[in-house]
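Engineer: no sequence on this one, just coordinates:
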């Protein structure tokens, strides 16, 4: 799996599609949709657990627990693959990708310390906007007027959610935005390495990069956890892994352009978790802004599907 960061389901869908070693496709969209819905439920559970732990533990320590679980679950893969599975032709890009995914996880945890779950999740949905922008800067992609319009609409949705200058504004709202930017950086770097690296190699480098950085930072921001907190930290790793595995499985049964929109149901799960666990109910502006951001993301995914079809058609040789 990629990093366990629970941000931006649309971007997460793209990430799963580009990094996972996929078994043979089976056309069963309904099963794929159900798997996505269950996967984002588990991601919301992971979010709620991390938010709960953030009340007593530093963000770096929570992230470290998550990466310990992530790396531990990859041990069988590393042992089975041997030194070959770790060997990479693009170590610099692998480290940059790992740092992007690490930043995504840490910034999101930092945001959840202060923000309601639903608001943090809604703000992080803006990652497809950043993917579009970074694709221009890093991949030299050409973006048309309609996709630029979708970018502006997505940014407007973020402003509706966080409402800068209003009484409800919290400076911590910047953290989910930084999380989305970090995630988008990782996604674009993944695209840049497409066809050059094995998925297993990328996953291992992501896990080890994050674990190494967090282990170095841990002594500077550490609180002795209770056994209960250790158990909850382990739960985050397990639940996130289950969620990612379900998401990868979903892409065996349906197209990314179809499944991506259903991942936005996470706003429902996050709202429920926020209310049941923390007694926090998002206001109507959060849902309005989330709707605007989701519309932007769905349209971006639609345009990406059209561009993929156009690229595929241009590569088909003409028949005499």
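Structural biologist: Happy to help now that I have it. Worth saying up front: this structure is predicted, and the values here are computed from it rather than measured.
Engineer: can you pull out the helices in the chain?
Structural biologist: 9-19, 29-53, 59-81, 83-86, 91-114, 117-124, 127-139, 145-162, 174-192, 199-217, 227-250, 256-259, 266-278, 284-314 (DSSP state H).
Engineer: for residue 319, give me the pLDDT.
Structural biologist: Here, the pLDDT recorded for residue 319 equals 44.
Engineer: report the buried residues of stretch 170-184.
Structural biologist: Under the neighbour-count criterion of 16 or more other CB atoms under 10 Å, stretch 170-184 has 172-173, 175-184 buried. From N, CA and C alone the C-beta is placed, and that goes for glycine too.
Engineer: what's it in contact with?
Structural biologist: 5, 7-8, 11-12, 15, 100-108, 110-111, 113-115, 119-121, 123-131, 133-134, 158, 161-162, 164 (CB atoms under 8 Å, 6 or more residues apart in numbering).
Engineer: cool, stretch 107-120 as well?
Structural biologist: 5-7, 44, 47-48, 50-51, 54-55, 59, 62-63, 123-124, 161-162, 170, 172-176, 178-179, 182, 267, 270-271, 273-274, 278, 280, 282, 286, 290.
Engineer: which among those count as buried?
Structural biologist: By neighbour count, with 16+ other CB under 10 Å, the contacts of stretch 107-120 hold 5-7, 44, 47-48, 50-51, 54, 59, 62-63, 123-124, 161-162, 172-173, 175-176, 178-179, 182, 267, 270-271, 273-274, 280, 282, 286, 290 as buried.
Engineer: ok, now which ones touch residue 97?
Structural biologist: Residue 97 neighbours (CB under 8 Å, 6+ apart): 185-186, 189-190, 193, 202, 205-206, 209.
Engineer: go again with 10 Å.
Structural biologist: 2-3, 19, 90, 185-190, 192-193, 197, 202, 205-206, 209 (CB atoms under 10 Å, 6 or more residues apart in numbering).
Engineer: now residue 77
Structural biologist: Residue 77 neighbours (CB under 10 Å, 6+ apart): 85, 200-201, 203-204, 207.
Engineer: can you pull the contacts of residue 148?
Structural biologist: Per CB under 10 Å, 6+ apart, neighbours of residue 148: 132-133, 136.
Engineer: which of those residues count as buried?
Structural biologist: For the contacts of residue 148, buried by 16+ other CB under 10 Å: 132-133.
Engineer: so which of the contacts of residue 148 comes closest to residue 38?
Structural biologist: Nearest to residue 38 out of these is residue 132 (CB to CB; 28.5 Å).
Engineer: for the stretch 51-200 of the chain, give me the ranges with low pLDDT.
Structural biologist: For the stretch 51-200 of the chain, applying pLDDT under 70 flags the ranges 164-169.
Engineer: returning to what we had before: which of the contacts of residue 97 are buried?
Structural biologist: 2-3, 19, 90, 185-190, 193, 197, 202, 205-206, 209.
Engineer: quick check: the gap between residue 156 and residue 96.
Structural biologist: 30 Å (CB to CB, to the nearest Å).
Engineer: the two - which one has more neighbours?
Structural biologist: Neighbour tally, residue 156 and residue 96, criterion other CB atoms under 10 Å: the higher count belongs to residue 96, 16 against 13.
Engineer: grab the nearest non-local neighbour of the more buried one.
Structural biologist: residue 189 (5.6 Å; CB to CB, 6 or more residues apart in numbering).
Engineer: what sits against that neighbour?
Structural biologist: 90, 92-101, 134, 138-139, 202.
Engineer: now the buried members of those.
Structural biologist: Among the contacts of residue 189, the ones that count as buried (16+ other CB under 10 Å) are 90, 93-101, 134, 202.
Engineer: got the residues you listed as a markdown table, with distance to residue 68 columns?
Structural biologist: Putting the buried ones among the contacts of residue 189 into a markdown table (distance: CB to CB, whole Å) gives the following:
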| residue | distance to residue 68 |
| --- | --- |
| 90 | 26 |
| 93 | 24 |
| 94 | 20 |
| 95 | 19 |
| 96 | 22 |
| 97 | 20 |
| 98 | 15 |
| 99 | 18 |
| 100 | 20 |
| 101 | 15 |
| 134 | 29 |
| 202 | 19 |
